[in-house]
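>>> Sharing a sequence plus its predicted fold:
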Amino acid sequence: MDESGESGKPQRPRESGGGLLMGRPFGVPVYVAPSWFLVAALITWVFGEQLGRVLPELGGLRYLVSLFFAVAFYGSVLVHELAHVVAALRFKLPVRRIQLQFFGGVSEIEKESETPGREFVLAFVGPLLSLVLSGVFYLAMQSVEPGTVPGVLLAGLMISNLIVAAFNLLPGLPLDGGRMLRAVVWKISGRPMTGTIAAAWTGRALAVTVLIGLPLVTQTGLLGRNTEEISGVDTIMDALLAAILAAIIWTGAGNSLRMARLREHLPDLRARALTRRAVPVQSDTPLSEALRRANEAGARALVVVDGQGQPMAVVREAAIAGVPEHRRPWVAVSGLSQELKPGMRVSAELSGEELLDTLRTTPATEYLVVEETGEIYGVLSTADVERAFVAAMARPSS
């Protein structure tokens, strides 16, 4: 399973909080979420109980073997996600991280594919690798004795990878099959948003089907279980599993719609349109005098400059608001300003995703906006960007 982790607001994305860092294959950090340990313990217990019936002579060692299976299974999931990563990097799409979590893994790809063909390939390679792994484990089974520990482990890994591939090929977002459906509809309609809407609502229909259908299938014995052996606990567990899966699919489909609206409206965010006009002032200028000049010029921001007129700092709006009016003649603007650090100079030509990426790199409340010639254009407030972003997201999709 794969989804984008891009955020619309101009904040620095944080890798911390993703869990335990396991490594950086292909330069992409791989994290194991805390929820994985819960799932690993559950898999160890369930598979260990099955081993007790198949290989009773193992005794307590069956749980050690089962733990090995849980780790190997998530190793297969990691290979599935690495397939997405390699394809994304091949298409020059940045990948923030891979996270192994409660139900599988997530590759956080920060940008959208440029064409439906690339989108299809990017989605398909994950299930394809899972199918290949399933085939590799099947071939390996042929060289070991059935009913032995290696035989049972290989059979379990073969079946689990087959299930991962089949589940991810279901045609609904956020699953890989949903992204493939999105690519097909995108190709036919010529609009990525149309593909996203179709695949997301298919995903929601799939979530309802899982919620209702999975317990019915398991309780009626269609999966090979004897209905007489199904206990009340089994019924509750089946319903709980179905509810969790349905919630994950439904939420993922909704997030996909939200991210699609975000990308569609990102071009509405233009630095030149959002920038406040600013007036230059010397560092020792009293705040009251600086505000008087700004009012006369119809400006809403102040830039501190040196003797040669070169910008040195931006006066913070929040700091101005914190100074009572009767004290403003005695407070110099230098005490209310933020020194311009590398990254706080923003080109007036930036817009959309490029603008947000620039603001994420150096978090601040205000930025100096300059022309290509280096001339001061004005000051860009993070608050203005966020308000424009919310307004753009509130507009209906075209």
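Yes, it's here.
>>> Now the element after whatever helix or strand A166 lives in, going C-ward?
Element membership of A166, judged by DSSP states H and E, is helix 149-168. Downstream of helix 149-168, the next assigned helix or strand under DSSP H and E is helix 176-189.
>>> Any buried residues in that following helix, and which?
Buried positions in helix 176-189, judged by neighbour count with 16 or more other Cβ atoms under 10 Å: 176-186. Where C-beta positions appear, they are placed from N, C-alpha and C, glycine not excepted.
>>> Tell me how many other residues surround R96.
Applying other Cβ atoms under 10 Å, we find 19 residues neighbouring R96.
>>> Would you quantify the distance from the nearest residue to it once chain neighbours are set aside to L214?
Nearest residue to R96, sequence neighbours excluded (Cβ to Cβ, 6 or more residues apart in numbering): E108, at 4.2 Å. Look at E108 and L214: by Cβ to Cβ, to the nearest Å, they are 28 Å apart.
>>> quick one, which of these two is more surrounded?
A side-by-side neighbour count of E108 and L214, using other Cβ under 10 Å, places E108 first with 24 against 18.
>>> quick one, phi psi at the residue nearest to G23 when sequence neighbours are not counted?
Leaving out its chain neighbours, the residue that sits closest to G23 by Cβ to Cβ, 6+ apart is V30, at 5.4 Å. With angles defined as degrees, to the nearest 10, V30 sits at phi -110, psi 120.
>>> Identify the bridge partners of V30.
Taking DSSP bridges as the rule, V30 bridges to G23, I98.
>>> Now do the contacts for it.
21-24, 78, 97-100 (Cβ atoms under 8 Å, 6 or more residues apart in numbering).
>>> all helices for the stretch 251-398 of the chain, in order.
Taking DSSP state H, counting those that start in this stretch to define them, one finds helices in the stretch 251-398 of the chain at 271-274, 287-297, 317-321, 352-361, 382-394.
>>> pLDDT below threshold where in the chain?
1-18, 218-235, 393-398 (pLDDT under 70).
>>> which secondary structure element contains T202?
Applying DSSP H and E, one finds T202 within helix 192-219.
>>> hang on, E110 packs against L89?
No - using Cβ atoms under 8 Å, E110 is not in contact with L89; the gap is 11.6 Å.
>>> what touches both of those two?
Residues touching both E110 and L89 by Cβ under 8 Å, 6+ apart: V95.
>>> that older thread, could I get the helices of the stretch 251-398 of the chain as a markdown table with distance to L42 and mean neighbour count?
Shown next, in a markdown table, are these (distance: least, Cβ to Cβ, whole Å; neighbours: other Cβ atoms under 10 Å):
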| stretch | distance to L42 | mean neighbour count |
| --- | --- | --- |
| helix 271-274 | 49 | 17 |
| helix 287-297 | 62 | 16 |
| helix 317-321 | 48 | 15 |
| helix 352-361 | 37 | 18 |
| helix 382-394 | 38 | 15 |
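>>> now those helices in a markdown table, with distance to T202?
What follows is those, written out as a markdown table (distance: least, Cβ to Cβ, whole Å):
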| stretch | distance to T202 |
| --- | --- |
| helix 271-274 | 37 |
| helix 287-297 | 54 |
| helix 317-321 | 46 |
| helix 352-361 | 27 |
| helix 382-394 | 23 |
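>>> for those, which one sits closest to Q338?
helix 317-321 (8.4 Å; Cβ to Cβ).
>>> Could you rank the contacts of V30 by neighbour count and give me the top one?
Most surrounded of the contacts of V30: other Cβ under 10 Å gives I98, at 28 neighbours.
>>> can you tell me how far that residue sits from P29?
Distance, I98 to P29, using Cβ to Cβ: 7 Å.
>>> And for V144?
35 Å.
>>> I figured V315 was touching R293, is that so?
No - using Cβ under 8 Å as the test, V315 is too far from R293 to be in contact (11.9 Å).
>>> Residues that sit against both of those two, list them.
In contact with both V315 and R293: V281, using Cβ under 8 Å, 6+ apart.
>>> wait, V369 sits on E375?
No - contact criterion Cβ under 8 Å: V369 and E375 do not qualify, at 10.2 Å.
>>> More neighbours: the two, which one.
Using other Cβ under 10 Å, the more surrounded residue of V369 and E375 is V369, with 25 against 9.
>>> show me the contacts for that one.
Contact analysis of V369 by Cβ under 8 Å, 6+ apart lists 271-272, 275, 346-348, 376-380.
>>> Could you check how far A348 is from N295?
23 Å.
>>> again, but for F389
Taking Cβ to Cβ, one finds F389 at 28 Å from N295.
>>> what's the burial count for the closest residue to E112 other than its chain neighbours?
Of all residues not flanking E112 in the chain, R263 sits nearest, at 5.8 Å (Cβ to Cβ, 6+ apart). Residues near R263, counting by other Cβ under 10 Å, number 18.
>>> do N255 as well
Number of residues near N255 (other Cβ under 10 Å) recorded here: 15.
>>> thinking again about what came up before, may I have the beta-bridge partners of the residue nearest to R96?
E3, R97.
>>> pretty sure it contacts P94?
No - using Cβ under 8 Å, E108 makes no contact with P94, being 9.5 Å away.
>>> State the number of residues packed around the residue nearest to A271 when sequence neighbours are not counted.
Leaving aside its sequence neighbours, A271 sits nearest to L350 (Cβ to Cβ, 6+ apart; 4.5 Å). Per other Cβ under 10 Å, the neighbour tally for L350 reads 19.
>>> wait, L350 sits on Y367?
No - using Cβ under 8 Å, L350 is not in contact with Y367, being 10.0 Å away.
>>> Torsion angles phi and psi at P29?
Main-chain torsions, P29, degrees, to the nearest 10: phi -70, psi 140.
>>> what about it, how many neighbours?
Counted with other Cβ under 10 Å, P29 comes out at 17.
>>> cool, the one 4 residues further on as well?
By other Cβ under 10 Å, the residues close to A33 number 18.
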